[in-house]
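**Q** Quick one, structure for this:
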Amino acid sequence: MTTVTPERLRLAAHMLWEGIYEAEFRGKERGRFLLTRAQLKKVLNVERLHGTTIQSFQDAALELGLIIIDLDDVFPCIETRMARRYRRPPTALLNRHLAETFPDDTADDEDDPNEDDEE
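**A** The predicted structure is shown next:
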């Protein structure tokens, strides 16, 4: 069994970020992409993907600004800046649905000053 070194993880994450994310292919100049499980095994040079290896690889990629999502058979890759732009639910909307779904919870209703409360 091949042991994946931290250096291999770091270099593989860098290769995905600089080599694949920034490359022009399939009609886009750069951006998000999807790896199959077989492709990820090839990138890491392993026969089997273990959860700890995937987590370590995700951590290495995240340090570079690349999010790798484990969906079991595929691994979508997106830059952290894009994910940080996703819309956030307003506090009132979130609280309403929490109360409906978990009526017995006694959640702290303090507002987060960084939240956008527009609906």
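
**Q** Okay, domains of this protein per the record?
**A** 6-83, 87-119 (automatic domain parsing).

**Q** Which helix or strand contains V4?
**A** Assigned by DSSP states H and E, V4 falls within no helix or strand.

**Q** the longest helix in the protein is where?
**A** Assignment by DSSP state H gives helix 51-64 as the longest helix of the chain.

**Q** Centroid-wise, who is the farthest residue in this structure?
**A** D104 (31.9 Å; CA atoms, centre = their mean).

**Q** Could you measure from it over to E7?
**A** When distance is defined by CB to CB, to the nearest Å, D104 is 49 Å away from E7. C-betas here are computed from N, CA, C, even on glycine.

**Q** now swap in S56 and tell me
**A** 12 Å.

**Q** right, and the secondary structure at F75 would be what?
**A** For F75, the assignment made with DSSP: H, G, I helix; E, B strand; the rest coil gives strand.
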